[in-house]
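# any chance you could fold what I've pasted below:
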Amino acid sequence: MQIGDPSQILKKIGLKVTKNREKVISILQESRRPLNHHEIMEKLPKDESWDRVTIYRALADLEDKNLLNSLHSTDRVTYFELKEDGGRTVSLAHGHLICNTCGKIECIDDPWNGIPSSKLLKGFQTESVEIVFRGICKNCQ
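Next comes the predicted model:
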């Protein structure tokens, strides 16, 4: 999770500071798991009006600037989370479990446990890493 003031984060990545982008970053900072567009919309303050398309654009802009990871569930819904380091380096901190039945996504902190050593990567310049385990969660079994 990227910690810091959303306006400063936006300035660092070269995006104009808007209330939509700041709010999306704040919501994702507070979340312990990836969120989809609908979940983000539900967490926006109810006393203001929010345009769905503008929030989609904010997510797309943040993803284009390498600030977000996007995950696709089996129900074709995209989930978003902040990259741990703001996209400056390849983040190897955690992976995800995705249920093929209900589409639930959970973060796992140590996906590297049991994966072969980095000898496989010698001479390979890694730009991104995704560790996703797909299966059936305990609730759907």
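
# drop to CA atoms for contacts and neighbour counts, all remaining ones
OK.

# all helices of the protein, in order?
6-12, 19-30, 37-43, 52-64 (DSSP state H).

# what about those, which gets the closest to I108?
helix 19-30 (16.9 Å; CA to CA).

# ranking the helices of the chain by burial, who's on top?
helix 19-30 (a mean of 19; mean count of other CA atoms under 10 Å).

# name the strands paired with the helix or strand of the chain with the lowest mean pLDDT and say parallel or antiparallel.
Of the helices and strands making up the chain, the lowest-confidence element is strand 105-108, at a mean of 82, by mean pLDDT, DSSP states H and E. Sheet pairing here is set by DSSP bridges, and for strand 105-108 it gives strand 95-99 (antiparallel).

# beta partners for the residue sitting nearest the centre point of the chain?
Centroid check for the chain by CA atoms, centre = their mean gives E81 as the closest residue, at 1.7 Å. Beta-bridge pairing for E81 (DSSP bridges): N69.

# per-residue pLDDT, it?
For E81, the model assigns a pLDDT of 89.

# give me the distance between it and I131.
Using CA to CA, to the nearest Å, E81 is found at 14 Å from I131.
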